[in-house]
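Engineer: structure here, sequence nowhere to be found:
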Ligand code: FAD
Ligand code: DLZ
Ligand code: SF4
């Protein structure tokens, strides 16, 4: 009799805890199932990436001598859910025990816990050791803190891992070099990340996706598909980053440039989240690049902070605050998500159209596009929290709820009552103009707030602050901004409110289209 290990689509690591428990005669099960493909309508590239990476991982396990029962989406006996597959295979093979590494999403964890109590053999859910901080350590960190902050957490992890430490002190004498990381970038050539031809496994998956998910959002084209589907490709993309892009990562982390989709970003989130790369190995490699003089401290510290700081922190918050976290909507945002989020040609706002084009073509947008363009718009326009979270979860190749939800609901939408962010990440068009070259080719004027061609980010921003003035007034970090708002006379304020409301009416009337269609449609 054998035991069985169920490996999920984002658990593609040879050092997976549940895999370590197996004896040579034991079996691995992996399954492509509708329930995982349909809980949101994932971008075509996201499904192709996950299925291709799963199939490659199964092949690697077999090459390593492991017996793998791989159930494809179209297999006739497929029950189309992970729990269903465990129950079906248990009846068929009478395994002695099951092992699974804990899933990254609450939804699935509760399903597995229920399954564990009804299946007649042991069903063990192992902690996911691929993260640096365990749930227990994170809860310890939260203890007694009214307002947890990422920066405090980050310093603890720097100390516990020894990353960028000189004894007890941070390398370079400071924990954070962010003030060096706010440079705009214009016209400069940026290095292109490596690509590789799609192989037979990926090609087969592309056909499957084209046949079964044709109505899902996003492009799927084998000439432009850039996502690593194996560990070796993931290492190639990461090596290219440390050699060519890490050096400038810090300087231009917040920059946005028309037509440049990836800039100096690492493009490793899909690989980290699938388990093809480990967070510690990439941080150690980045630190080595600093120690051997090939990358400056502001770049390396900035990169390491994203991984052992933000990435671990959002995962900790997700598990500490779920399931009620998902229902939070502190600012009562409920405006339907405009349809241009699914079709960038429906907006003439260049910044939004660029971020959404990148998302549609690549299942990617870099952090500042996600936070300060689409996220900022959704925040100040008051878009429905649930709709926005579903959008982010479905459109990005790296999206899983544990990482997407705190970033969207908490960081971008400020819907969690300030758990994730100490103040809303809201801004007018001024920030976008400072960090990008978008406004130069936009039909709206970023300098105007109440005229016919005023940038919508400007009036929506002030309208947002005015609407939530009471809530924000007790936040010392908002004092300066509210003082600026209070300087507006009642006439200007009224003009802003009229513009914001006309914008919403127009977008709603035009089915989510921000373009000014017939003459005179804009006030
Ligand atoms: P880089 O800019 O090169 O950063 C390096 C790595 O740091 C990333 O690969 C990622 O693993 C990590 N990282 C950076 N910022 C964050 C962060 N805020 N939270 C967690 N990890 C971070 N990231 C996801 O992996 N999945 C998501 O579903 C996701 N949704 C997001 C939604 C919103 C509204 C926002 C504002 C951010 C979201 N992020 C998400 C974080 C971040 O935008 C992406 O990790 C990053 O853009 C991925 O591109 P990259 O690998 O080139 O990252
Ligand atoms: C995202 C995803 C998709 C689209 N499909 C599958 C699948 O068919 N089989 C599978 O095991 N996992 C899939 N996944 C990843 C899971 O949704 C993921 O493991 C959970 O959301 C927990 O993070
Ligand atoms: Fe975006 Fe406004 Fe700039 Fe146009 S002017 S690109 S809408 S910030």
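Structural biologist: It's in. Quick caveat, the model's predicted, so the values are computed rather than measured. Ligands and ions are numbered 1, 2, ... in the order given.
Engineer: got the contact list for the closest residue to residue 289 other than its chain neighbours?
Structural biologist: Taking C-beta to C-beta, 6 or more residues apart in numbering as the measure, residue 289 lies nearest to residue 295, with 4.2 Å between them; neighbours along the chain are not counted. (Glycine included, C-beta is placed from N, CA and C.) Residues near residue 295 by C-beta atoms under 8 Å, 6 or more residues apart in numbering: 242, 246-247, 249, 286, 289.
Engineer: could you do residue 70 as well?
Structural biologist: Residue 70 makes contact with 29-31, 54-55, 58, according to C-beta under 8 Å, 6+ apart.
Engineer: repeat that for 6 Å
Structural biologist: Listed by C-beta atoms under 6 Å, 6 or more residues apart in numbering, the contact set of residue 70 reads 30, 58.
Engineer: ok, so what distance separates it from residue 51?
Structural biologist: To residue 51, residue 70 is 11 Å away according to C-beta to C-beta, to the nearest Å.
Engineer: now residue 127
Structural biologist: Between residue 127 and residue 51 the distance is 26 Å, computed by C-beta to C-beta.
Engineer: okay, those two: which has more neighbours?
Structural biologist: Relative neighbour count places residue 51 above the other of residue 127 and residue 51, with 23 against 13, counting by other C-beta atoms under 10 Å.
Engineer: that one should be in a helix, yeah?
Structural biologist: Yes. Using DSSP: H, G, I helix; E, B strand; the rest coil, the assignment for residue 51 is a helix.
Engineer: returning to that earlier point: which ones among the contacts of residue 295 also lie next to ligand 1?
Structural biologist: Cross-checking the contacts of residue 295 against ligand 1 (C-beta under 6 Å from any ligand atom) gives no overlapping residues.
Engineer: wait, doesn't residue 420 sit right on residue 406?
Structural biologist: Yes. Under the criterion of C-beta atoms under 6 Å, residue 420 lies in contact with residue 406, with a separation of 5.3 Å.
Engineer: what does this structure have sitting close to ligand 1?
Structural biologist: Within the chain, the positions adjacent to ligand 1 are 265-269, 272-273, 306-307, 310-311, 314, 366-367, 370-371, 375, 392, 396, 398-399, 403-404, 407-408, 411-412 by C-beta under 6 Å from any ligand atom.
Engineer: for ligand 2, what is the nearest residue in the stretch 151-300 of the chain?
Structural biologist: The stretch 151-300 of the chain approaches ligand 2 most closely through residue 273 (8.3 Å), counting by C-beta to the nearest ligand atom.
Engineer: skipping adjacent residues, who's closest to that residue in space?
Structural biologist: residue 398 (5.2 Å).
Engineer: what does residue 475 give?
Structural biologist: That would be residue 423: by C-beta to C-beta, 6+ apart, it lies 5.9 Å from residue 475.
Engineer: how many neighbours does that neighbour have?
Structural biologist: Burial of residue 423 is recorded as 13 neighbouring residues (other C-beta under 10 Å).
Engineer: what sits against it?
Structural biologist: Residue 423 makes contact with 475, 477-478 under the criterion C-beta under 6 Å, 6+ apart.
Engineer: repeat that for 8 Å
Structural biologist: When the contact criterion is C-beta under 8 Å, 6+ apart, the partners of residue 423 are 414, 472, 475, 477-478.
Engineer: the bottom helix or strand of this protein by mean pLDDT?
Structural biologist: When each helix and strand of the chain is scored by mean pLDDT, DSSP states H and E, helix 17-20 comes last, with a mean of 88.
Engineer: which SSE is the residue of the stretch 151-300 of the chain closest to ligand 2 in?
Structural biologist: According to DSSP states H and E, residue 273 maps onto helix 269-274.
Engineer: so who does residue 145 touch?
Structural biologist: So, once contact is read as C-beta under 8 Å, 6+ apart, residue 145 ends up touching residue 152.
Engineer: and it, its phi and psi?
Structural biologist: In this entry, residue 145 is assigned phi and psi values of phi -100, psi 120 (degrees, to the nearest 10).
Engineer: please enumerate the helices of the stretch 401-523 of the chain.
Structural biologist: In chain order, the stretch 401-523 of the chain shows helices spanning 401-405, 429-435, 456-467, 469-472, 479-487, 490-509, with DSSP state H, counting those that start in this stretch as the criterion.
Engineer: can you list those helices in JSON lines and add distance to ligand 3, mean neighbour count and mean pLDDT?
Structural biologist: Putting these into JSON lines (distance: least, C-beta to the nearest ligand atom, whole Å; neighbours: other C-beta atoms under 10 Å; pLDDT from 0 to 100) gives the following:
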{"stretch": "helix 401-405", "distance to ligand 3": "24", "mean neighbour count": "23", "mean pLDDT": "98"}
{"stretch": "helix 429-435", "distance to ligand 3": "3", "mean neighbour count": "20", "mean pLDDT": "96"}
{"stretch": "helix 456-467", "distance to ligand 3": "5", "mean neighbour count": "23", "mean pLDDT": "98"}
{"stretch": "helix 469-472", "distance to ligand 3": "22", "mean neighbour count": "14", "mean pLDDT": "96"}
{"stretch": "helix 479-487", "distance to ligand 3": "18", "mean neighbour count": "12", "mean pLDDT": "95"}
{"stretch": "helix 490-509", "distance to ligand 3": "11", "mean neighbour count": "16", "mean pLDDT": "94"}
